[in-house]
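Participant: Sequence first, then the predicted structure:
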There are 2 protein chains.
Amino acid sequence: MMRTHTCNELRKENQGEHVILCGWLDSIRIQSKMAFIDLRDRYGTTQVFVPQNLLDSVRDLTKESVIKVPGVVKVKPKGNPKLDTGDIEVSAEKIELLNKASELPISLDEKIESTEENRMKYRYIDLRRPRMQNNLKLRHKVTKAARDFLDKEGFLEIETPFLAKSTPEGARDYLVPSRVNKKKFYALPQSPQLFKQLLMISGYDKYFQIVRCFRDEDLRSDRQPEFTQIDLEMSFVEQQDLIELNERLMKHLFKECLGVDVKIPFEKMTYREAFEKYKTDKPDLRKSPEEFKFLWVTDFPMFEFSDEDKKWKAAHHPFTMPTSTDFKNPKLVGSKAYDLVLNGWEVGGGSIRIHDPELQLSVLETLGLSKKEAEEKFGFLLSALKHGAPPHGGIAFGLDRLVALMAREECARHDA
Amino acid sequence: MMRTHTCNELRKENQGEHVILCGWLDSIRIQSKMAFIDLRDRYGTTQVFVPQNLLDSVRDLTKESVIKVPGVVKVKPKGNPKLDTGDIEVSAEKIELLNKASELPISLDEKIESTEENRMKYRYIDLRRPRMQNNLKLRHKVTKAARDFLDKEGFLEIETPFLAKSTPEGARDYLVPSRVNKKKFYALPQSPQLFKQLLMISGYDKYFQIVRCFRDEDLRSDRQPEFTQIDLEMSFVEQQDLIELNERLMKHLFKECLGVDVKIPFEKMTYREAFEKYKTDKPDLRKSPEEFKFLWVTDFPMFEFSDEDKKWKAAHHPFTMPTSTDFKNPKLVGSKAYDLVLNGWEVGGGSIRIHDPELQLSVLETLGLSKKEAEEKFGFLLSALKHGAPPHGGIAFGLDRLVALMAREECARHDA
């Protein structure tokens, strides 16, 4: 055992104990007959008292070096209220250098800005900053709380393949050349959309996965080539069932991770209403800046005309349930698709899916695929829909963006 | 709400209730004046009584079709002890066909073998088999229990990138061409080894991740191109700390998921002992076939000579802590690497890592890299080791193999 306690564990009650601490040298103040070190780890900071006989062993210690300190816990006459361990200090019996730190290429001080390039290059130092540590802790908490909630609700977490066949989802795929089959490629999934639908057809009833997704898009501050979704799907449900489950999920996450009570049900608004009133499909309805304001936007159109490609595209995706089946005038067809908006950001989107093979084929044809092309690209889905497909629907949340909003960060790309 | 109950919920106490069930038609027996349907979902099976006036609506129903059945719960005069719901049946008021199933291309009957090719092609049907459902449920349980245990122990689950720089780990990488930087490639990670080491250097202290890994290997029954690891890393630990933590993790998993008590500490044996006594580094020490027998194999050699490449290679990986530093005779150098063996299968492997930049460089040089090549390939690691690197170590478990062994399956590839 290398240490007996972390740097946030010792209290008055430990007075007189022989302990061993390990951590980073956060700061050192050398006086003529003694020195003081602030020793830091993930959990907190403890003051180390260095007596005169050890002064020589600390003179050359650099900031951020890693040291091991056996010593005795002493209660300080005057505590330091800024530290959880502020009532005590560890009087060192020895200072052992475990790893000597050269001068840091970027500062740990949040106030000293570094270029994004340097933050990325020295990511292992950037991630020592308290803000980054808090963001990663929050991210861990959110995923843990989401899993606990969904497990309790009877969802099974099921992993889906990453090396798979390409299916179109509106962005470019990352392709992985196959070594075994020359000139063939895997595509990294943009989402597990069709896998989770197949799992419903396999009878799993309630699926979820916290899963990496890949989109080869040009970088913007709120887009990244790989990102993580809380992805779920349920069988034998209608839109309102999904909305209610996900409101409870959000309520649970905010309560467990932030101690914040969000009121459910959330407000709802149709896509048309949102556009007429706010000129956007993700209006920010906050009345105060401190608020977390959720909004469901529903009744999205099924199809959108792409001026660029001169053809109809799926507004959500081609597996979304339309609200009518007269596809001669695609503009008029609505869909059972819904987005969850938080403070003006889309944090989740989902839909009821098509579970009828004929209807699925009609939608694909409306999108310009011939019957033959539809069979080639989606034959496995059309076949699955002919072998016992339950009505089903689901949603996916952008975890990075959700955590960034919960942490009140502006940018989801590097900080969460 | 499409259904009021699942197919494993109704009991005597529900007598007289109006309910709605949904599920798959598992079987149907049509008699002259009535019919009986076994209605199945993930949770179980409920018998549906079809009265004479509804007979016409069920005559054409095919097996595995999805139906919705509103009806009334009736207690049966003689219960069926084989079903949890065997005391009741639902007397149908209507039978609504939600999805008509064509004849299945592969059988759900476990006794009727299908070719592996067909099982893969019709994976959505294969996954309906009870054995497959149980395996996926067990897998969910194991990952949930692992996360619960590690969360309680203070580990943070932190996701690491998938689109990354290639680092050598003994197998071929899958490469992903970059669209933005022509002729440049990402490599899908064979493991998050260096990322987790960097997280230790960032001060995260206890990291874990249940994470997909990729190796472009030729397929064998116990290898797959993508697989999942329970991956963890800790700072300020010695080998024995890691061994004890992971014994408690295994104990927890077997207790929570199988109700099996495994005794800790596990037996230990050095690599040399294992080879001398059993001619393998993963001996199967079971005394009875029903037993789960864990064994730690320790003290692996640091280097192995590759006859094929005519040079020394790392037996574990190049970041493993050697037990001596005289690299002139690599054969004699041991390492702080350990494997966990279960019933003769390697289920996990790990090591204490190098946290000294000079030592890391010497190891890389012993593996044939020049100082310049070492800097080019591992400059980021060598630099990180110069900026406050704590002693650290970790382990990774092959989740698929572990679950397969827990499920007493022979092959990890398709069934878990």
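Facilitator: On my side now, so go ahead.

Participant: for the nearest residue to A:Tyr43 once chain neighbours are set aside, helix, strand, or coil?
Facilitator: Distances taken as C-beta to C-beta, 6 or more residues apart in numbering or on different chains place A:Asn8 nearest to A:Tyr43, at 3.6 Å, with adjacent residues excluded. Any C-beta I mention is one placed from the backbone N, CA and C, and that applies to glycine too. Under DSSP: H, G, I helix; E, B strand; the rest coil, A:Asn8 falls in the coil class.

Participant: export the lengthiest helix in chain A as PDB, just CAs?
Facilitator: Looking across chain A with DSSP state H, the single longest helix is helix A:130-152. Provided in PDB are the C-alpha atoms of helix A:130-152 (Å, rounded to 0.1, in the frame of the first residue of the first chain):
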ATOM      1  CA  PRO A 130     -10.600  21.900 -11.400                       C
ATOM      2  CA  ARG A 131     -13.200  23.000 -14.000                       C
ATOM      3  CA  MET A 132     -12.300  20.100 -16.200                       C
ATOM      4  CA  GLN A 133     -12.200  17.600 -13.300                       C
ATOM      5  CA  ASN A 134     -15.700  18.800 -12.200                       C
ATOM      6  CA  ASN A 135     -17.000  18.400 -15.700                       C
ATOM      7  CA  LEU A 136     -15.700  14.800 -16.000                       C
ATOM      8  CA  LYS A 137     -17.100  14.000 -12.500                       C
ATOM      9  CA  LEU A 138     -20.500  15.400 -13.500                       C
ATOM     10  CA  ARG A 139     -20.400  13.400 -16.700                       C
ATOM     11  CA  HIS A 140     -19.700  10.200 -14.700                       C
ATOM     12  CA  LYS A 141     -22.600  11.100 -12.400                       C
ATOM     13  CA  VAL A 142     -25.000  11.700 -15.300                       C
ATOM     14  CA  THR A 143     -24.200   8.400 -17.000                       C
ATOM     15  CA  LYS A 144     -24.400   6.500 -13.700                       C
ATOM     16  CA  ALA A 145     -27.700   8.100 -12.800                       C
ATOM     17  CA  ALA A 146     -29.100   7.500 -16.300                       C
ATOM     18  CA  ARG A 147     -28.100   3.800 -16.100                       C
ATOM     19  CA  ASP A 148     -29.500   3.400 -12.600                       C
ATOM     20  CA  PHE A 149     -32.800   4.900 -13.700                       C
ATOM     21  CA  LEU A 150     -33.200   2.900 -16.900                       C
ATOM     22  CA  ASP A 151     -32.100  -0.300 -15.200                       C
ATOM     23  CA  LYS A 152     -34.800   0.200 -12.600                       C
END
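
Participant: ok, it near chain B or not?
Facilitator: Yes: applying C-beta under 8 Å from any C-beta of the partner chain, one finds helix A:130-152 in contact with chain B at A:133, A:136-137, A:139-140, A:143-144, A:147, A:151.

Participant: which neighbours does the longest strand along chain A have in its sheet, and in what orientation?
Facilitator: Counting by DSSP state E, the longest strand found in chain A is strand A:18-30. Its sheet considered, strand A:18-30 pairs with strand A:35-41 (antiparallel), strand A:66-75 (antiparallel) by DSSP bridges.
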